[in-house]
Each structure stands twice: as structure tokens, then as C-alpha cells.
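1. Starting from these lines, generate the structure:
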Amino acid sequence: MPAPLYEHLRALAAQRPVRLDMPGHHGAPLPGGFPWPSPLDFTENDGTGDLYSHEPDAIQAAERLWADRSGFQSCLFLTGGSTQGVHAGLALLAGAGGAVALDRGSHRSAYHALALLDLEPLFLSRPWLAGEGVAGPIPPEAVERALAGRPDIKTVCITSPTYYGVLSDLPAIAAVCRARGARLMVDGAHGAHLPFLGDTGYRAADVVVMSAHKTLPAPGQTALLFANGFGLDRLQRWGSVYGTSSPSYVLMAALDAVRDYMEGEGTARYRETVRRVEDLRRRFPALGEGEGLALDPARLVLTGPDGFALERALRRRGVSCEMADRGHAVCICTCADGGEDFARLERALVETGLTGPCAPIPAPPEAPEAALSPRRALFAPRERIALAQSAGRVCAGQIAPYPPGVPVVAPGERIEKKHLAYLAQIGYNKSHCDVISREE
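-> Next comes the predicted model:
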């Protein structure tokens, strides 16, 4: 399979040109032997193309291959991670000064986009799954109720999968959106591998953001913005607003090369990873698919009476988890993990003996009232105070413990005693928070 941008840069580097442009290393190894592929690190010129140009070039050819493989009309490479994509996607769909139905469990980049675009959020809540100790998928019925009550809202933004691997029914939610004249954006930052495993759900959405670096063998900051119903020029417009004017060609070439890899060996290895994760889910207590609960097949979320202790015990045995909370240890398993990696994980789990039923985790309380808009909360004067003394104050940032991985208090909302009681109950480990110092 072709990797047009990566191959083009290699051919250009092989010519060994005198490089009197950016980057300043001019293709030479970096001082101290720092491992960076300097020969492929070019800037925009007639030979390399331009990420935001409307003229066909190797970058657009590489983006076209990604779009075709993933089932979208257009694709834009991102070198600012999914954060850049979330900002660009919401700007594309919602514009400025309107309203959006937003998954309350969205990444903080979505909350920042609310403020930057001066959007009013109508939050979509997730059901609490007490037995699993996590928030469930976004119900299509919740989206229907939200849009029926607010016909002015024409943009819906949800996250799928969540950090815990919980998948929402994207085709069903997209059908609800279409019936109400709204468009669906999905933050699929943790789902870039799913299309290669045969999951076609993302194709139902209008805009999707994916982080290649989270679940594919790609460098940090590499991500992708996909769209149906919008041409590449529209993605370029907003991608350039929120991204650097000097995107890394090494990162873009890596996006090109990783797709080529996933077309063959990478997908085969990922399917083997899924098989091994399924086996571990059967043998050790872990979050599993149940009635109404669909999961990322490669995400291993171990459960136990003390997830923090489990994570520490695994780390002492040379196994590093992605994150832990009071009842879970989350492992991101990818095609980069081989048989020996899984064997070490299995041995460590047997030795620790710390897996088991998930520790009881209470459901989060109802969300607070909004006192300020997200925009006013972001730009208002703030101060840091002791969390225990914050009742009655307006929160300037997010208070979002894991679990639930959903803000208990979002920017602009007033902190209440019941929220502080909940945070104490779950052992929230932050002692201070940022609050608005002067409400206007």
C-alpha cells in the first residue's frame, strides 16, 4: 500500500539538498544524539506541499487515503492532538454565540471551545452503572429529549469511547440528530483503532476527531479530523485557526506511515491483541460487555476493591497502567503489545491477587446551577482557595475526579455542599480549586 507523504519526504531527503530554511537543524542529527528523524523534518515548499493549501499535493493524497479507509468525505491531519480537532470541529458545526448539546463527560478541550466560541451548553448526562462503577453510554433518548426541548440547538457533541472504553450507539444518535435537523460531532480520541477492527459506527457522524497517538503506533500530538458533508477546504479553514502555521512534517508523515502499516500487519496484530484482551477479561475481574453496555474490544479495565493498590502493585512488577481510580486500573492495549507483554501482565496479575469486584462507588450528585457562562468563567478573575471552603463560590475550572470522569462541577457552576460531600466520600485527592474572585 502507498504512503505518499512519507515516501515523498524520504525521496526528498535522499537528494541531500542544502537546506537553508526551517527547521534550523537542516536535516542534520540533533545535538547530543537526540533521536529525531531530522532528514524528514522539512517546512512548506514546492517539494513538500502545504497542510492548508488548496493545491493537490502529497499531504492531500495521504489525507485522502485516510478518508477513504475510514469512510469519510474528507480528512485533515492534525499536529496539535485531538484538542485542535475538537476546537476546529465545534467551530465548523456550531459557529460562535449559539448553543450546543454537549456530553457532560467531554474532554476539557470541549469546555475550552465553549468559552472560546461563546457557546451555551445543554449538558447530556450519562446513566450511572453502579455495578461497574462507571458512567454508561449516552442514550439516544436523552439526545431526543434535549433536541425536542431546544429546537434551536443544531449541534450535538459526544465522546465515544470514554476513557473506560464505553461506546455509545453512534448510528442511533446520528439518526435522532438528522430527524431534528442537527449535526453530530464525536470526540473519538480513544477510538482511532476501531475502524481497522471493522467498527463502522463513526461513519454515521458528521464530524469525528481521533487521536492516532492514543491507540495506534504513532507519535504524540498526531490526530485526525474527519467529516462528511464538508470538503477539505472547510476543515483546513478551521484547522488553521486552531493549529500552528508550522505543522511538523515528521508527525504528518507518521500519520501517513501508520495508516499504511495498519492496512496490513497492524490490523492483524490488533486483532490478536483483541483476542488476548478477551482472554484476560474471562480470567480476571474486569469491566465487561453486558446488557446495554458495549466496550472498546481492546481496552482492558481491571476491577478490584482498591484500584490504586492494584496499579501500584502492577507498577512494582514492571507493568504501567494508563490510570487508576478507587475501583479500576485502566490498560490501553494496542497492536504494539506482543505475546511476551501480555504474558508479563498475566503473571503480574496472578502475583498481585488484587483484582476482584469493583469497589462500591456512589453515583455523582446532580449538576450544580450555572452562574456564569463558560466564556465569562474562563476570562473572569480567579483565585485558588481550599476546596473545603469553596461552598457557594463559582468554579473557574473543572472538578472532575475519576470516576466518574465527568465534571462534578464545571466552569461557571456554583459549588454546593452536596458536591463537596460527594468529593469527600469518594476520596477526591485535590485540596484546592480555582474559583471566580469577582462575579460581574
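2. from here on, contacts and neighbour counts on C-alpha atoms
-> Noted.
3. Run through the stretch 1-150 of the chain and note the low-pLDDT ranges.
-> For the stretch 1-150 of the chain, the stretches with pLDDT under 70 are 1.
4. repeat that with 90
-> Within the stretch 1-150 of the chain, the ranges that satisfy pLDDT under 90 run 1-2, 15-36, 45-48.
5. the helices in it, which residues?
-> 4-14, 58-70, 81-94, 108-117, 140-149 (DSSP state H, counting those that start in this stretch).
6. and these, which is most packed in?
-> helix 81-94 (a mean of 25; mean count of other Cα atoms under 10 Å).
7. contacting residues around that one?
-> The contact list for helix 81-94, computed with Cα atoms under 8 Å, 6 or more residues apart in numbering, reads 78, 100, 109-110, 113, 117, 154-155, 183, 185, 187, 189, 207-211, 220-225, 234-235, 238-239, 241-243.
8. Reformat the helices of the stretch 1-150 of the chain as CSV; add distance to Leu255.
-> Formatted as CSV, the helices of the stretch 1-150 of the chain follow (distance: least, Cα to Cα, whole Å):
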stretch, distance to Leu255
helix 4-14, 9
helix 58-70, 8
helix 81-94, 12
helix 108-117, 22
helix 140-149, 33
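9. Which among those is found nearest to Gly292?
-> helix 140-149 (12.1 Å; Cα to Cα).
10. May I have that closest one as CSV, with CA atoms only?
-> These are the backbone C-alpha positions of helix 140-149, laid out as CSV (Å, rounded to 0.1, in the frame of the first residue of the first chain):
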residue,chain,number,x,y,z
PRO,A,140,-30.3,8.2,22.1
GLU,A,141,-33.4,9.0,24.0
ALA,A,142,-31.6,11.6,26.0
VAL,A,143,-30.4,13.3,22.8
GLU,A,144,-34.0,13.2,21.5
ARG,A,145,-35.3,14.9,24.7
ALA,A,146,-32.6,17.5,24.6
LEU,A,147,-33.3,18.5,20.9
ALA,A,148,-37.1,18.3,21.3
GLY,A,149,-36.8,20.8,24.2
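11. Which other helices and strands does the helix or strand following that helix contact?
-> With elements assigned by DSSP states H and E, the helix or strand that comes after helix 140-149 is strand 155-159. If you count contacts as 3 or more Cα pairs under 8 Å, 6 or more residues apart in numbering; DSSP states H and E, strand 155-159 packs onto strand 99-103, strand 183-187.
12. Leu310: which element?
-> With DSSP H and E as criterion, Leu310 is part of helix 307-316.
13. tell me the mean pLDDT over that helix?
-> Summarised as a single mean, pLDDT over helix 307-316 is 95.
14. now for that helix, which elements pack on it?
-> By 3+ Cα pairs under 8 Å, 6+ apart, helix 307-316 packs against strand 323-324, strand 328-332, helix 339-352.
15. Tell me where the stretch 251-400 of the chain has helices.
-> Counting by DSSP H, counting those that start in this stretch, the helices of the stretch 251-400 of the chain are 267-283, 307-316, 339-352, 374-379.
16. what's the closest residue in space to Leu20 that isn't next to it in sequence sitting at in phi/psi?
-> Nearest non-adjacent residue to Leu20, counting by Cα to Cα, 6 or more residues apart in numbering: His26, 6.9 Å away. Note on His26: its backbone torsions stand at phi 50, psi 30 [degrees, to the nearest 10].
17. Pull up the gap between His26 and Arg19, please.
-> Distance, His26 to Arg19, by Cα to Cα, to the nearest Å: 5 Å.
18. one step back: give the buried residues for the helix holding Leu310.
-> By 16 or more other Cα atoms under 10 Å, the buried positions in helix 307-316 come out as 307-314.
19. need the contact list for Leu224.
-> Counting by Cα under 8 Å, 6+ apart, Leu224 has contacts 75-78, 81-82, 85, 209-212.
20. Inside strands: which ones of the residues you listed?
-> 75-78, 209-211 (DSSP state E).
21. and of these, the nearest to Pro139?
-> When these are compared against Pro139 (criterion: Cα to Cα), the nearest one is Val209, at 20.4 Å.
22. Please work out which of the helices and strands packed on helix 307-316 is packed deepest.
-> With a mean of 25, the top stretch among these by mean neighbour count (mean count of other Cα under 10 Å) is strand 328-332.
23. and that strand, which strands flank it?
-> strand 299-303 (antiparallel), strand 323-324 (antiparallel) (DSSP bridges).
24. picking up where we left off before, which one of the helices of the stretch 1-150 of the chain lies nearest to Cys177?
-> helix 140-149 (7.7 Å).
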